[in-house]
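Chemist: From the sequence below, what's the structure:
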Amino acid sequence: MTTGRRGRLAVMAASDHDPACDVAHGFSEAPPTERTLVAVFASPVAAHLLSYGADLRFRAVLVEPDPRRATEAGLDPAVEVVTSMPKLDTDTDVVVTDHHRDELGEVLRDALLHPARWIGVMGNPRHPGPHIEALAALGVPASEVERVHRPVGLNIGSRTPPEIAIATLAGLLADRNGRPGGFEF
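Modeler: Have a look, this model is predicted:
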């Protein structure tokens, strides 16, 4: 007879063949992923977003046109830092973490040239998104501007950089997994 927590888990592992459950209980590794998370502009939110994103098996990339800001950001050494938008594919999510930067239009225009899976700009939904005017000034067609999500993340009342990063990643995971987010199942 098997007793104790470990024994019960072993019996569950032997009888439960749900791969997702096996991963959640630590019986097997999560399948590899080719996902990339690109945070645009060094900021406290970007630092948390990329750190947590790496934990969620995203390849973490920071786009920061100003090398000085990238150096001062205190990022995990595993984060790839580039000064311009890299080639993006359909396994890439892009989050612009500062909508006050002068380069906002240019970096979004460059992201929209690629088939990124998801592109979003942080910002308060009660205020007009400055990216709309910035992209229009660069001649980006309205149909492309509509690809940019704003706000980003789930509405959980986030205020601090770690909370905003968690809400953003939760929204990306829900979208990636075809789920509505929140408590709807």
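
Chemist: For stretch 59-77, give me every contacting residue.
Modeler: Outside stretch 59-77, the residues that touch it by CB atoms under 8 Å, 6 or more residues apart in numbering are 34-43, 46-47, 50-51, 53-54, 78-86, 103, 107. C-beta: built from backbone N, CA, C; applies to glycine.

Chemist: and these, which are buried?
Modeler: For these, a neighbour count by 16 or more other CB atoms under 10 Å gives the buried set as 35-43, 46-47, 50-51, 53, 79, 81, 85, 103, 107.

Chemist: which stretches of the chain form helices?
Modeler: 4-15, 19-24, 44-55, 67-72, 104-112, 130-137, 142-145, 161-176 (DSSP state H).

Chemist: For the fifth one, enumerate the helices and strands it packs against.
Modeler: Packing partners of helix 104-112 (3 or more CB pairs under 8 Å, 6 or more residues apart in numbering; DSSP states H and E): strand 36-40, strand 92-96, strand 118-121, helix 130-137.

Chemist: Please list all residues in contact with G105.
Modeler: G105 makes contacts with H131, A134, L135, A137, L138, V140, as judged by CB under 8 Å, 6+ apart.

Chemist: For the last one, give its distance to R109.
Modeler: To R109, V140 is 5 Å away according to CB to CB, to the nearest Å.

Chemist: The fifth one too?
Modeler: Between L138 and R109 the distance, using CB to CB, works out to 5 Å.

Chemist: now the contacts of G105: which count as buried?
Modeler: Here, 16+ other CB under 10 Å leaves H131, A134, L135, V140 buried among the contacts of G105.

Chemist: biggest separation within those, which pair?
Modeler: Distance extremes for the buried ones among the contacts of G105: the farthest pair is H131 and V140 at 9.6 Å, using CB to CB.
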